[in-house]
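*Asks:* Show me the folded form of this:
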Amino acid sequence: MKKTSLYLDDGDVERVRRLAQREGRSQAEVVRAALASYETELLGRRRFALTGAAEGDGRSVADIAEEDLLQGFGD
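*Replies:* Numbers count the residues shown, from 1 in each chain. Okay, the predicted model is just below:
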């Protein structure tokens, strides 16, 4: 791990201090967690088509009428 310096305005310094105190963590841990959260949000979470495929009531999309599948499409 490497040490670095950040320039923060007074409000941000107070926010980091307050969050660290509330969570019982160091200010460095709070900043690292914020960076990780920002990166995740920026890059987005990968979603795979099969995620959750085993959930549901067991019906197949092939059993649903085409009109029902297209209902609301393009609205």
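
*Asks:* The lengthiest helix in the chain packs against which elements?
*Replies:* Determined from DSSP state H, the single longest helix within the chain is helix 27-43. Applying 3 or more C-beta pairs under 8 Å, 6 or more residues apart in numbering; DSSP states H and E, one finds that helix 27-43 contacts helix 10-23. Any C-beta I mention is one placed from the backbone N, CA and C, and that applies to glycine too.

*Asks:* Please work out which residues outside the helix it packs on touch it.
*Replies:* Applying C-beta atoms under 8 Å, 6 or more residues apart in numbering, the contact partners of helix 10-23 are 8, 25-27, 29-31.

*Asks:* Go through these and name the one nearest residue 68.
*Replies:* Of all the contacts of helix 10-23, residue 68 sits closest to residue 30, with 48.9 Å by C-beta to C-beta.

*Asks:* Give the burial count for the closest one, as a bare number.
*Replies:* Using other C-beta atoms under 10 Å, residue 30 is surrounded by 19 other residues.

*Asks:* ok, now which ones touch it?
*Replies:* Residue 30 sits in contact with 16, 19-20, 23, where contact means C-beta under 8 Å, 6+ apart.

*Asks:* any idea how far residue 13 is from it?
*Replies:* 12 Å (C-beta to C-beta, to the nearest Å).

*Asks:* same question, residue 42
*Replies:* From residue 42 to residue 13 the distance is 24 Å (C-beta to C-beta).

*Asks:* cool, residue 25 as well?
*Replies:* 16 Å.

*Asks:* Could you check how far the most centrally placed residue in the chain is from residue 35?
*Replies:* With distances taken as C-alpha atoms, centre = their mean, the residue of the chain nearest its centroid is residue 41 (5.1 Å). Per C-beta to C-beta, residue 41 is found 11 Å from residue 35.

*Asks:* quick revisit: just the buried ones out of the contacts of helix 10-23, please.
*Replies:* Among the contacts of helix 10-23, those scoring as buried are 30-31 (criterion: 16 or more other C-beta atoms under 10 Å).

*Asks:* Turn the contacts of helix 10-23 into CSV, including distance to residue 61 and pLDDT.
*Replies:* Shown next, in CSV, are the contacts of helix 10-23 (distance: C-beta to C-beta, whole Å; pLDDT from 0 to 100):
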residue, distance to residue 61, pLDDT
8, 51, 96
25, 46, 96
26, 50, 96
27, 50, 96
29, 45, 96
30, 45, 96
31, 45, 96
